[in-house]
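[1] Task: produce atomic coordinates for the following.
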Amino acid sequence: MFSLTLNDYREVRERIAPHIKHTPLLTSRQLSEATGFDARLKAECFQRVGSYKIRGPLNKFALMPEEQKRRGVVCSSAGNHAQGVALAARIHGMRAVICMAENATPAKIAATKAYGGEVVLHGTIWDEANEKAKELVRDQGLTYVHPFDDEQLIAGQGTLGLEVVQDWPELDAIVVPIGGGGLIAGVSMAIKSHNPKVKVIGVESSDGPAMKASLDAGELQTIECNTIIDGLRVRRAGTLNFSVVQRYVDDIVTLPDREIFEAMIWIMERCKLVVEGAAAASVAAMMHGLIKMPAGSKVVGVLSGGNVNLDALRGLRWN
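    Numbering: from 1, shown residues only. Predicted structure coming up:
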């Protein structure tokens with residue numbers, strides 16, 4: 001059974017510390033007033049590559065055998081995972097091939113290349129790009145880096161939770177967005193190893209709640225996923241992550257894309273922070289009364305990333 005202790009997380013944090021930022025835990029008077037909590041925000045939007053996704057690959061690559069390092073790694077992603085893998089590989093002096101669909105946004109392609117990734121465009125959807133990545137594993141001996149269902153990635157992502165309890169050991173609850181489940185799996189183990197009484201609450205879009213559907217069924221489910229929010233758009237949660245969530249997560253709440261996007265705008269307007277849709281899910285859940293904690297509870301919302309699709313914003317036409 002996969003499980004990590006507080007000492008495990010301290011070791012991982014020490015391993016990756018030279019290459020990441022200890023991101024701030026920001027107070028928000030307006031969010032506290034709107035929710036009735038003593039609310040703070042874990043601003044991972046300030047992390048290198050703009051999201052928590054650098055943490056896991058840094059841990060994985062530090063532990064990788066030298067022969068695998070020499071051959072290099074491959075992943076399939078058009079978002080934060082691509083950039084996290086690319087930069088972590090560059091830090092460790094490794095080759096990183098990133099497979100993306102041919103219709104990936106130019107800005108994301110450019111960012112991945114800037115971090116040192118070799119971008120291969122293939123197909124029109126993630127599944128087709130992923131098949132190309134697996135082909136490169138077979139043909140070139142590259143090591144495949146899964147976006148969320150990997151023990152070493154989960155351990156790295158969970159160092160975010162370790163930072164939260166170091167900065168605010170008195171917290172009562174933490175609210176974490178869920179896509180494939182790697183972040184909440186890591187964070188939940190880190191938080192519970194510090195204090196089992198702290199509530200860990202996940203948030204998914206009701207337009208694609210893969211983890212909640214699986215918990216309700218008692219086994220992993222593959223769902224029809226209609227959410228348009230990149231970081232939350234997963235048809236099937238990770239196997240490892242599901243087993244961890246079953247043991248360590250207290251609740252999962254859902255709300256529609258529209259309400260998450262409204263929270264994204266609210267954060268920009270009131271907190272002066274640029275966050276992506278998935279990151280806004282934690283704040284949306286708090287503001288819509290889905291976090292059932294007593295008034296005055298010390299609650300952290302995880303802002304998982306700040307890589308907003310600016311190409312979409314540039315395409316807007318104002319009246």
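[2] only C-alpha atoms for contact and neighbour calcs from this point on.
    OK.
[3] Now do the SS call for Val74.
    State at Val74, reduced to three classes by DSSP: H, G, I helix; E, B strand; the rest coil: strand.
[4] surely it meets Ala133?
    Yes. Using CA atoms under 8 Å, Val74 makes contact with Ala133 at a distance of 6.2 Å.
[5] any shared contact partners between those two?
    Counting by CA atoms under 8 Å, 6 or more residues apart in numbering, the shared contacts of Val74 and Ala133 are Ile98, Cys99, Tyr144.
[6] Any chance of those residues in JSON lines with distance to Asn241 and secondary structure as columns?
    Shown next, in JSON lines, are the shared contacts of Val74 and Ala133 (distance: CA to CA, whole Å; DSSP: H, G, I helix; E, B strand; the rest coil):
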{"residue": "Ile98", "distance to Asn241": "23", "secondary structure": "strand"}
{"residue": "Cys99", "distance to Asn241": "24", "secondary structure": "strand"}
{"residue": "Tyr144", "distance to Asn241": "18", "secondary structure": "strand"}
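[7] Output those residues as CSV; include the columns pLDDT and neighbour count.
    Rendered in CSV, the data for the shared contacts of Val74 and Ala133 read as follows (pLDDT from 0 to 100; neighbours: other CA atoms under 10 Å):
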residue, pLDDT, neighbour count
Ile98, 97, 30
Cys99, 96, 29
Tyr144, 97, 18
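[8] Would you mark the buried spots in the longest helix seen in the chain?
    Ranked by number of residues, the top helix in the chain under DSSP state H is helix 126-140. Neighbour counts over helix 126-140 (16 or more other CA atoms under 10 Å) mark Trp126, Glu128, Ala129, Asn130, Lys132, Ala133, Lys134, Leu136, Val137 as buried.
[9] Show the end-to-end separation of stretch 74-94, please.
    11 Å (CA to CA, to the nearest Å).
[10] What sits closest to the most centrally placed residue in the chain if chain neighbours are left out?
    Nearest to the mean C-alpha position of the chain, by CA atoms, centre = their mean, lies Leu183 at 5.0 Å. Once flanking residues are discounted, Leu183 sits nearest to Gln157: 5.5 Å by CA to CA, 6 or more residues apart in numbering.
[11] That neighbour contacts Met189, correct?
    No. With contact defined as CA under 8 Å, Gln157 does not count as touching Met189 (10.7 Å).
[12] joint contacts of those two?
    Contact with both Gln157 and Met189 is made by no residue, according to CA under 8 Å, 6+ apart.
[13] List the residues that contact the residue nearest to the centre of the chain.
    Contacts of Leu183 (CA under 8 Å, 6+ apart): Phe148, Ile154, Gln157, Gly158, Val176, Pro177.
[14] One more: Arg235?
    By CA under 8 Å, 6+ apart, the residues touching Arg235 are Gly208, Ala210, Thr222, Ile223, Glu224, Cys225.
[15] Tell me which entries of those lie within helices.
    Among the contacts of Arg235, the residues falling in helices (DSSP H) are Ala210.
[16] how about the strands of the stretch 1-150 of the chain, start to end?
    Counting by DSSP state E, counting those that start in this stretch, one finds strands in the stretch 1-150 of the chain at the ranges 25-27, 38-43, 73-76, 96-100, 118-121, 143-144.
[17] Give the other helices and strands that the first one contacts.
    Identification of packing neighbours for strand 25-27 by 3 or more CA pairs under 8 Å, 6 or more residues apart in numbering; DSSP states H and E yields strand 38-43.
[18] Dump the strand it packs on to CSV, keeping only the CA atoms.
    Extracted as CSV, the C-alpha positions of strand 38-43 are listed here (Å, rounded to 0.1, in the frame of the first residue of the first chain):
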residue,chain,number,x,y,z
ASP,A,38,-9.9,32.7,8.3
ALA,A,39,-8.9,32.1,4.7
ARG,A,40,-5.4,32.0,3.1
LEU,A,41,-4.2,31.1,-0.4
LYS,A,42,-1.3,28.9,-1.3
ALA,A,43,0.0,30.9,-4.3
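[19] Check what contacts that strand and list those residues.
    The contact list for strand 38-43 (CA under 8 Å, 6+ apart) reads 23-29, 31-32, 164, 296-305.
[20] So what's the residue count around Ile291?
    Close neighbours of Ile291, defined as other CA atoms under 10 Å, add up to 24.
[21] residues contacting the nearest residue to it once chain neighbours are set aside?
    Closest residue to Ile291 in three dimensions, ignoring its sequence neighbours and counting by CA to CA, 6+ apart: Ala285, at 6.5 Å. The contact partners of Ala285, by CA under 8 Å, 6+ apart, come to Val203, Val253, Thr254, Leu255, Ile291.
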